[in-house]
Structure formats: structure tokens, C-alpha cells
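Q: My questions concern the predicted model and sequence given below.
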Amino acid sequence: MSIELFNQLEQKVSSAVEALELMKMEAEELREENARLKQEREDWERRLSALLGKFDEVETEREPG
């Protein structure tokens with residue numbers, strides 16, 4: 001194998017390693033964002049449930065007993 005081919009292979013391997021490292025960082029950022037969005041959704045669901053519960057209480061109080 002000529003030194004030129006070896007240098008080209010080495011460059012391609014280095015580029016692939018850099019690309020993989022960038023993808024790992026992006027994947028970690030996306031996992032963190034996903035976790036944040038899941039937490040935000042859970043917070044909204046909890047708040048919505050509380051509001052719906054209040055509506056149920058009001059309707060129950062208004063029903064003729």
C-alpha cells in the first residue's frame with residue numbers, strides 16, 4: 001500500500017470519527033430536549049387534570065340534591 005493511499009485512509013477514518021463524535025453530541029442534546037419536553041407535557045397534563053377536576057366539583061355542587 002502506498003503512503004498516499006494510507007494517508008487518504010487515515011483522513012477518511014479521522015473524518016468518520018469526527019462525524020460520529022458530533023452525532024453523539026447531537027444525540028445527547030436531543031435526549032436532554034426530549035426529557036425536558038416530556039416533563040413539560042407531564043406538567044401540562046397535571047395542570048389540565050386539576051382544572052378539569054375543578055369543573056367537575058363545580059358541576060357536582062350545582063346539581064340538584
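A: Yes, it's here. Residues are numbered from 1 along each chain as shown.
Q: and residue 33, which of the three is it?
A: Following DSSP: H, G, I helix; E, B strand; the rest coil, the label given to residue 33 is helix.
Q: Report how many residues lie close to it.
A: 10 (other CB atoms under 10 Å). Every C-beta, even on glycine, is put in place using the N, C-alpha and C of the backbone.
Q: From residue 56, how far out is residue 63?
A: 11 Å (CB to CB, to the nearest Å).
Q: More neighbours: those two, which one.
A: Taking other CB under 10 Å, residue 63 and residue 56 do not tie; residue 56 has more neighbours (10 against 6).
Q: Which pLDDT value belongs to the more buried one?
A: Note on residue 56: pLDDT of 87.
Q: And the helices in the chain?
A: 3-62 (DSSP state H).
Q: show me what contacts the spatially most central residue of the chain?
A: With distances taken as CA atoms, centre = their mean, residue 34 lies nearest the centre of the chain, 1.4 Å away. Residues counted as contacts of residue 34 (CB atoms under 8 Å, 6 or more residues apart in numbering): none.
Q: Quick one: low-confidence residue ranges for this structure.
A: 1, 65 (pLDDT under 70).
Q: repeat that for 90
A: By pLDDT under 90, the weakly predicted segments of the chain are 1, 55-65.
Q: Tell me how many other residues crowd residue 28.
A: Residue 28, neighbours per other CB under 10 Å, totals 10.
Q: separation between it and residue 34?
A: Distance from residue 28 to residue 34, by CB to CB: 11 Å.
Q: Residue 43 versus the residue nearest to the centre of the chain, what's the distance?
A: Distance from residue 34 to residue 43, by CB to CB: 15 Å.
Q: Ok, residue 52 next?
A: Note on residue 52: its distance to residue 43, by CB to CB, is 15 Å.
Q: same thing with residue 17?
A: Residue 17 is 39 Å from residue 43, by CB to CB.
Q: Then residue 36?
A: Taking CB to CB, one finds residue 36 at 11 Å from residue 43.
Q: Counting neighbours, what do you get for residue 42?
A: That count, for residue 42 with other CB under 10 Å as the rule, works out to 10.
Q: Residue 62 - how many residues pack around it?
A: Neighbour tally, residue 62, other CB under 10 Å: 8.
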